[in-house]
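> take this sequence and fold it.
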Amino acid sequence: MESTVNSLVLEPATPEDVPAITELWFAAFTQPVIGHLFPNTPGMHKWHQDWHLSDFQTKPYQKYLRVVDTNSKDEQCRPRLVAFGKWDLSMPEERGRRFPPWHADSPYQECEDLITTLEKERKRVMGDEKHYYLDTLGTHPDYQRRGAGSMIVKWGCDLADKDGVAAYVDASKEGAPLYQKHGFLDFSPPGSEVASMARGKRTA
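Model prediction:
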């Protein structure tokens with residue numbers, strides 16, 4: 001699994017990475033709408049950590065990846081975590097609810113409406129076709145456009161090709177070009193704020 005771009009190394013993430021993953025998530029996702037739905041509060045930090053730990057422990061079909069910079073150290077003198085991703089190898093009906101119950105700091109109905117919309121879009125585009133889903137991809141602002149995110153996307157695309165399945169991601173419009181480089185097409189309706197992006201299965 002390991003690959004390197006300059007000093008960046010792609011590896012499987014572990015539960016010990018969850019605190020750093022949580023901090024990176026809040027550093028990476030600073031858009032006002034995200035800040036409204038998932039405010040940067042102590043309670044939300046704990047909600048994120050509990051969510052990821054639970055997925056590590058109970059959902060083996062969710063594959064967490066990390067990219068570290070071997071030339072930079074964190075406060076524990078370990079290689080700095082600069083990006084993380086979660087590829088979900090299950091179908092929605094196998095996975096069940098994507099998120100745990102919302103924290104009190106989040107606006108409940110708005111979060112429910114957003115996730116319902118994203119799930120409906122995924123179903124509209126993919127139907128019942130087996131596919132792998134890039135649930136989350138976050139890169140620290142200091143490391144954007146340096147290849148870390150692309151390493152995580154490529155890992156999942158390579159696995160999908162190996163297994164003969166398609167791939168899907170809910171992308172921001174700003175992030176869509178990254179996925180297009182890996183063969184994803186945008187199937188979102190006109191005016192959508194989220195890019196519904198799918199990559200067909202490759203046949204030998």
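
> ok, longest helix in the chain?
The residue-count maximum for a helix in the chain (DSSP state H) belongs to helix 108-126.

> so what touches that helix?
36-37, 92, 98-99, 102, 133, 166, 168, 170, 187-188, 194, 196, 198 (Cβ atoms under 8 Å, 6 or more residues apart in numbering). For the C-beta atoms, the positions are set from N, CA and C on the backbone; glycine is no exception.

> now stretch 160-171
118, 121-122, 125-126, 129-134, 137, 156-157, 178-179, 184, 186, 194-203.

> before we move on, the earlier item: can you tell me which of the contacts of helix 108-126 are in helices?
Checking the contacts of helix 108-126 against DSSP H, those in helices are His36, Leu37, Pro92.

> and for the nearest residue to the second one once chain neighbours are set aside, the neighbour number?
In other words, Leu37. Nearest residue to Leu37 in three dimensions, chain neighbours excluded: Cys111, at 5.5 Å (Cβ to Cβ, 6 or more residues apart in numbering). The number of residues packed near Cys111 is 16, by other Cβ atoms under 10 Å.

> just the ones of the contacts of helix 108-126 in strands?
Counting by DSSP state E, the part of those found in strands is Tyr133, Ala166, Tyr168, Asp170, Val194, Ser196, Ala198.

> list the contacts for the first one?
Which is Tyr133. Contacts of Tyr133 by Cβ under 8 Å, 6+ apart are Trp87, Asp88, Arg122, Ala167, Tyr168, Val169.

> output the below-cut-off pLDDT ranges for the chain.
The model of the chain has pLDDT under 70 over residues 1-5, 203-204.

> please name the bridge partners of the residue nearest to Lys173 when sequence neighbours are not counted.
Leaving aside its sequence neighbours, Lys173 sits nearest to Ala195 (Cβ to Cβ, 6+ apart; 5.6 Å). Following DSSP bridges, Ala195 is listed with bridge partners Ala171.

> relative to Ala83, how far out is Ala195?
Separation of Ala195 from Ala83 (Cβ to Cβ, to the nearest Å) stands at 19 Å.

> now do the strands in this structure.
According to DSSP E, the strands that the chain contains are 3-5, 8-12, 62-73, 79-88, 131-139, 166-172, 185-186, 194-199.

> quick check: buried residues in the third one?
Along strand 62-73, the positions that meet the burial threshold by neighbour count (16 or more other Cβ atoms under 10 Å) are Gln62, Lys63, Tyr64, Leu65, Arg66, Val67, Val68, Asp69.

> same check, this time on stretch 135-143
For stretch 135-143, using 16+ other Cβ under 10 Å, the buried residues are Asp135, Thr136, Leu137, Gly138, Thr139, His140, Tyr143.

> now do stretch 115-127
Buried-residue list, stretch 115-127, by 16+ other Cβ under 10 Å: Glu121, Arg122, Val125, Met126.

> between those, which is closest to Val18?
Nearest to Val18 among the buried residues of stretch 115-127: Arg122, at 25.5 Å, using Cβ to Cβ.
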